[in-house]
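Q: Take this sequence and fold it.
(chains A and B)
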Amino acid sequence: MSSAAAVEALNKTPYRYGFVTDIETEKISKGLDESVVRLISSKKQEPDFLLQFRLKAYARWQAMEEPNWAALKYPSIDYQNIVYYSAPRQKQQKASLEEVDPALLETFDKLGIPLSEQKRLSNVAVDAVFDSVSIATTYKQKLAEHGVVFCSMGEAIKNYPELVERYLGSVVPIGDNFFAALNSAVFSDGSFVYIPKGVQCPMELSTYFRINSDDAGQFERTLIIAEEGASVSYLEGCTAPMFDTNQLHAAVVELVALDDASIKYSTVQNWYAGDENGKGGIYNFVTKRGLCKGQRSRISWTQVETGSAITWKYPSCVLRGQDSVGEFYSVALTNHHQQADTGTKMVHIGPGSRSTIISKGISSGNSVNTYRGLVNMGPEARGARNFSQCDSMLIGDQAAANTHPYIQSRQPEATIEHEASTCNISEDQLFYLQSRGIEPEAAVSMLVSGFCRDVFNQLPMEFAAEADKLLALKLEGSVG
Amino acid sequence: MTSTETTPFCEAPIQTGDVLLSIENLHVCVEENEILRGVSLEIRAGEIHALMGRNGSGKSTLSKVIAGHPAYTVTGGSIHYRGQDLLALSPEDRARSGVFLGFQYPVEIPGVSNLEFLRVSCNARRQHRGQEELDTFTFEDHVRETMAIVQMDPVFLERSVNEGFSGGEKKRNEVLQMALLEPLVAILDETDSGLDIDALRIVANGVRQLALPTTATLLITHYQRLLEAITPDFVHVMAEGRILRTGGKDLAMALEQRGYDWIDGTDGSEAPQP
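A: Model (predicted):
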């Protein structure tokens, strides 16, 4: 079999998480204006500072234009045709998991994220977000013993308003970009993590985002703060049902690392990507940024992006602290008519700051996969260093890969290295594996997974195998 | 799968002397060029064949066609493996049913662990034979024992497939794969080239150990020196896409002394008669 023929069958795998949970939801009507922003805030019984935050963001958003510089093509989004708040109807205060609607627990069971005491993942605390609200957070008690706060953003606003007020919008300002402004105005829920001084978080933290409605947007907000000498590893996963329509997901994630703190943020993104003709799927416009505020602080982004019809995402690091470290490890796999424009920004401000960028893009089918990354060396960043490596792999002859590295330096004593490569799945590699009895599909997965090895090695162990499986699943049927 | 179920290639016991591979009047093209122009060859269990000839005479093409490389088009003739049409099978099914090609230039596969690759490959063959698949731990024990055949250091299990291996290490890795897959017909394409004298001895020893009365081996080589270590039952000389001459091991020695010109008559002397 030729690799071209091999590629063709690769594209026929059903999306495993495409089911819809039949549950009564409380939705507000479609559309967005100031009253909707006020309504969301009042539904969540928010303090005034947050309402003001939202209103300011809404005003900024109204004056902004949707960005069009990315290598993405999609019909314009009608922001008045989206529901900005949708929540499963259930008791207001959930004292324990027993009070959570069994249909919701079952949903997360089916997604492989059991929440109940008996079945929950060992050594991973999970915050489960369903449409606009957080359903449950596991291991809260155990974490609290270490002083670690892990809860929904809604709870954080109630219980830790001073932390929220201090840090919310401190890394991604409300007017940062069009989608961040929109999120700041209407964000519903998300996760909040606070690791006190000197504490190594005793377990992995994970948020699982589930979109269930066909007309609701998801606008979650995540804030992670690591105090001096603290460290945490956090993972987010995402899935959505299969609808013919597109759903908008515009999240904002902010990370703050103080002196000697370290935050490792991993994402396995598997939103519904649309069908093989490009119908349906999630529009994923996400702003993720980490601030290495303290000296020797470290922020590491690892992402495995396999889903969404459109991905627009640049997890970035602002390296303000002296000798701070930023890392970005990315695998982006696109198939069918998916489009991904993703990469990172490493903004070096502090002297001696270092950053590493490893990006692996795999395009198959008719997809377009773009790496877009900025390395900026500020005037004070003496002795700063960056190393970037961007590799693209093409499967078949209809897919496209682009690489746009932007390099800016105002510091002559900074070092920037950039390597890039593009390859095809080689016929000889494929034949070699086949001649050892390995099916072409398994062979392609093996080659792709080998190509991504450097990035997978960065994932928490529990999820590295998952990522491998997910990629294999995504590629199934692309070999014929 | 129950043991009573039959697969097209269920491995019935083989007697020494059974025909394993039968190639008849094989014609093969790459794009528009005819590379093989009527190759016929019969290989029986218990035999070791050597295939010699100049570069470009079609030796490697023959080996790749037997293994099923997609770049080659068979335009005429047939290959039967244990009585079945081999050309109808995919490359992976050929491998699973016991046809093995040791590559002249094994490719590097970055990021794929050699151990995992060997395990998946070995299990594909085992599954075909109705044997149970080996789990990671059992396989690792098995592979470590097998590595002794080619005196290979277990550190090569942790590395990516062939990545950064020296020429000799790659060839040992090929023979290791042969040992793990236990093929019925093993074709080794210039497994001796690029080896120093010690590596050649190790590789030759390995191949010799793996040649059983119930299996067959086809060695493609330029040099007599491999055939000093492994005595072939038959030596074939190819030129311009055909087997021009077949003889015993003496033919290889004569070739070593007189060169290929002697076979195809380009030295001006009278061509030897079959």
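Q: what ranges do the helices span in the chain?
A: Picked chain A for this. With helices called from DSSP state H, chain A shows them at A:3-9, A:34-43, A:48-62, A:102-110, A:140-145, A:153-159, A:161-167, A:178-186, A:427-434, A:440-451, A:453-456, A:461-475.
Q: looking at chain B here, not the other one
A: B:59-67, B:91-96, B:114-128, B:136-147, B:155-158, B:167-181, B:197-210, B:224-229, B:249-258, B:261-264.
Q: wait, which of these is closest to A:L39?
A: helix B:114-128 (54.1 Å; CB to CB). For glycine as for every other residue, the C-beta is placed from the backbone atoms N, C-alpha and C.
Q: I figured A:D259 hits A:R296, correct?
A: Yes. At 6.6 Å, A:D259 counts as touching A:R296 under the criterion of CB atoms under 8 Å.
Q: Count the neighbours of the residue in the stretch 1-150 of chain B positioned nearest to chain A for me.
A: In the stretch 1-150 of chain B, the residue that lies nearest chain A is B:G111 (3.0 Å; CB to the nearest CB). By other CB atoms under 10 Å in any protein chain shown, the residues close to B:G111 number 20.
Q: Surely it touches A:S445?
A: No. Counting by CB under 8 Å, B:G111 stays clear of A:S445, with 12.0 Å between them.
Q: shared neighbours, those two?
A: Common contacts of B:G111 and A:S445 (CB atoms under 8 Å, 6 or more residues apart in numbering or on different chains): none found.
Q: Chain B contacts on the stretch 301-450 of chain A?
A: A:426-429, A:431-440, A:442, A:446-447, A:449-450 (CB under 8 Å from any CB of the partner chain).
Q: Pull out the buried residues from those residues.
A: Buried subset of these (neighbour count, 16 or more other CB atoms under 10 Å in any protein chain shown): A:427-429, A:431-440, A:442, A:446-447, A:449-450.
Q: Please identify the residues of chain B in proximity to chain A?
A: Close to chain A, as judged by CB under 8 Å from any CB, chain B has residues B:67-71, B:90-92, B:94-96, B:101, B:103, B:106-107, B:109-112, B:117, B:120-121, B:124-125, B:128, B:160, B:177, B:181.
Q: who's in contact with the residue of the stretch 201-350 of chain A found nearest chain B?
A: Going by CB to the nearest CB, chain B is nearest to A:V331 of the stretch 201-350 of chain A, at 11.5 Å. By CB under 8 Å, 6+ apart, the residues touching A:V331 are A:303-305, A:360-362, A:452, A:455-456, A:467, A:471.
Q: Let's see that with 7 Å instead.
A: A:304-305, A:360, A:452, A:455 (CB atoms under 7 Å, 6 or more residues apart in numbering or on different chains).
Q: Which of these has the largest number of neighbours?
A: Highest neighbour count within those: A:V304, with 29 neighbours (other CB under 10 Å).
Q: pLDDT wise, what is that residue at?
A: As predicted, A:V304 sits at a pLDDT of 88.
Q: Would you mind confirming that it is in contact with A:K469?
A: No. A:V304 lies out of contact with A:K469 (CB atoms under 7 Å); the separation is 11.1 Å.
Q: Next, work out how far apart the residue lying closest to B:M52 once chain neighbours are set aside and B:I43 are.
A: Nearest residue to B:M52 in three dimensions, chain neighbours excluded: B:V237, at 5.2 Å (CB to CB, 6 or more residues apart in numbering or on different chains). B:V237 sits 16 Å away from B:I43 when distances are taken as CB to CB, to the nearest Å.
Q: Which single residue of chain A ends up nearest chain B?
A: Closest point on chain A to chain B, by CB to the nearest CB, is A:G450, at 3.0 Å.
Q: Name all residues that make contact with that residue.
A: By CB under 7 Å, 6+ apart, A:G450 lies in contact with B:109-112, B:160.
Q: which ones among those residues are found in strands?
A: B:109-112, B:160 (DSSP state E).
Q: on that earlier part again, neighbour count for B:V237 and B:I43, which is higher?
A: Using other CB under 10 Å, the more surrounded residue of B:V237 and B:I43 is B:V237, with 26 against 21.
Q: can I assume that one is in contact with B:R245?
A: Yes. Counting by CB under 7 Å, B:V237 touches B:R245, with 4.6 Å between them.
Q: what touches both of these two?
A: Common contact partners of B:V237 and B:R245 (CB under 7 Å, 6+ apart): B:251, B:263.
Q: Give me the contacts around stretch A:172-189.
A: The contact list for stretch A:172-189 (CB under 7 Å, 6+ apart) reads A:32, A:37, A:40, A:53-54, A:56-58, A:60-61, A:64-67, A:84-85, A:129, A:132-134, A:152-154, A:169, A:219-221, A:250-252, A:254, A:285, A:287, A:289.
Q: And these, which of them are buried?
A: Judged by 16+ other CB under 10 Å, buried ones among the contacts of stretch A:172-189: A:32, A:37, A:40, A:53-54, A:56-58, A:60-61, A:84-85, A:129, A:132-134, A:152-154, A:169, A:219-221, A:250-252, A:254, A:285, A:287, A:289.
Q: Tell me which residues touch the nearest residue to A:K43 once chain neighbours are set aside, please.
A: Leaving aside its sequence neighbours, A:K43 sits nearest to A:Y85 (CB to CB, 6+ apart; 6.5 Å). A:Y85 is in contact with A:27-28, A:40, A:43, A:132, A:188, counting by CB under 7 Å, 6+ apart.
Q: Let's see that with 10 Å instead.
A: A:25-29, A:36, A:39-40, A:43-44, A:131-133, A:186, A:188, A:216-217, A:219 (CB atoms under 10 Å, 6 or more residues apart in numbering or on different chains).
Q: among the residues you listed, which are in strands?
A: Among these, DSSP E puts A:25-27, A:133 in strands.
Q: In PyMOL, how would I select just the buried ones from the residues you listed?
A: In PyMOL, a selection of the buried entries from the ones in strands among the contacts of A:Y85 looks like this (16+ other CB under 10 Å):
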select buried, chain A and resi 25+27+133
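Q: Show me the two of the ones in strands among the contacts of A:Y85 that sit farthest apart.
A: Based on CB to CB, the longest span within the ones in strands among the contacts of A:Y85 runs between A:K27 and A:V133 and measures 11.9 Å.
Q: quick one: common contacting residues for these two?
A: Joint contacts of A:K27 and A:V133 (CB under 10 Å, 6+ apart) are A:85-87.
Q: Looking at pLDDT only, which of those scores worst?
A: Among these, A:A87 has the weakest pLDDT, 76.
Q: Just give me the longest strand of chain A.
A: strand A:281-292.
Q: partners of it, with directions?
A: Strand A:281-292 pairs in its sheet with strand A:246-249 (parallel), strand A:252-257 (parallel), strand A:310-313 (parallel), strand A:316-319 (parallel), by DSSP bridges.
Q: That one - what's its average pLDDT?
A: Rounded mean pLDDT across strand A:281-292 is 94.
Q: Count the residues that sit near the closest residue to A:P47 other than its chain neighbours.
A: Distance criterion CB to CB, 6+ apart; nearest residue to A:P47, sequence neighbours excluded, is A:P161 at 5.6 Å. A:P161 has 15 neighbouring residues, counting by other CB under 10 Å.
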